[in-house]
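K.L.:
next come a sequence and a model predicted from it.
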Amino acid sequence: MAETLRDWMEMRLRAELTPQHLDVIDESHLHAGHSGARPGGETHYRLDIVSASFEGKSRVERHRLVNGLLDQAFARGLHALALRARTPAEAS
């Protein structure tokens, strides 16, 4: 397993969705003191992902796909995930 949750999520998404663009941003520091926050962070992330895997899928289907791929991240302590999932055509 990867050293950090961020690294694990990035490796998982790259392996499964072969994205043209992927940003995995730890925003845990912005949520200190809020529900789900914990010392050391790795609880709140923002993803920006562009992949042909999203072609023909609704926004809800895209989010379900990504959340399903990251189910182990939630088991490891991920509390919140903000997601922007686009096709290559939507990103250009």
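P.N.:
Right, received. Where do you want to start? Fair warning: this is a prediction, and the values are worked out from it, not measured in the lab. Numbering: from 1, shown residues only.
K.L.:
from here on, just use CA atoms for contacts and neighbour counts.
P.N.:
Noted.
K.L.:
over to residue 49: give its phi and psi.
P.N.:
phi -130, psi 130 (degrees, to the nearest 10).
K.L.:
what sits closest to it if chain neighbours are left out?
P.N.:
Nearest residue to residue 49, sequence neighbours excluded (C-alpha to C-alpha, 6 or more residues apart in numbering): residue 22, at 4.5 Å.
K.L.:
please report how far that neighbour lies from residue 8.
P.N.:
In this view, residue 22 and residue 8 are 13 Å apart by C-alpha to C-alpha, to the nearest Å.
K.L.:
circling back to that earlier point, the residue nearest to residue 49 in helix, strand or coil?
P.N.:
strand (DSSP: H, G, I helix; E, B strand; the rest coil).
K.L.:
and residue 74, how many residues sit next to it?
P.N.:
15 (other C-alpha atoms under 10 Å).
K.L.:
what about residue 83, neighbour count?
P.N.:
17.
K.L.:
could you do residue 70 as well?
P.N.:
As a burial measure, residue 70 scores 19 neighbours (other C-alpha under 10 Å).
K.L.:
that one and residue 90, how far apart?
P.N.:
23 Å.
K.L.:
can you tell me which helices and strands the longest helix anywhere in the chain packs against?
P.N.:
Counting by DSSP state H, the longest helix found in the chain is helix 5-17. Applying 3 or more C-alpha pairs under 8 Å, 6 or more residues apart in numbering; DSSP states H and E, one finds that helix 5-17 makes contact with strand 21-26, helix 59-69.
K.L.:
now do the helix or strand that the longest one is followed by, average pLDDT.
P.N.:
Looking back up the chat, that one is helix 59-69. Downstream of helix 59-69, the next assigned helix or strand under DSSP states H and E is helix 71-75. Helix 71-75 carries an average pLDDT of 91.
K.L.:
okay, buried residues for helix 71-75 please.
P.N.:
residue 73 (16 or more other C-alpha atoms under 10 Å).
K.L.:
just the angle between whatever helix or strand comes next after that helix and strand 21-26, please?
P.N.:
Following helix 71-75 in sequence order, the next helix or strand is strand 80-86 (DSSP H and E). Counting by axes from the mean of the first three to the mean of the last three C-alpha atoms, to 10 degrees, strand 80-86 lies at 170 degrees to strand 21-26.
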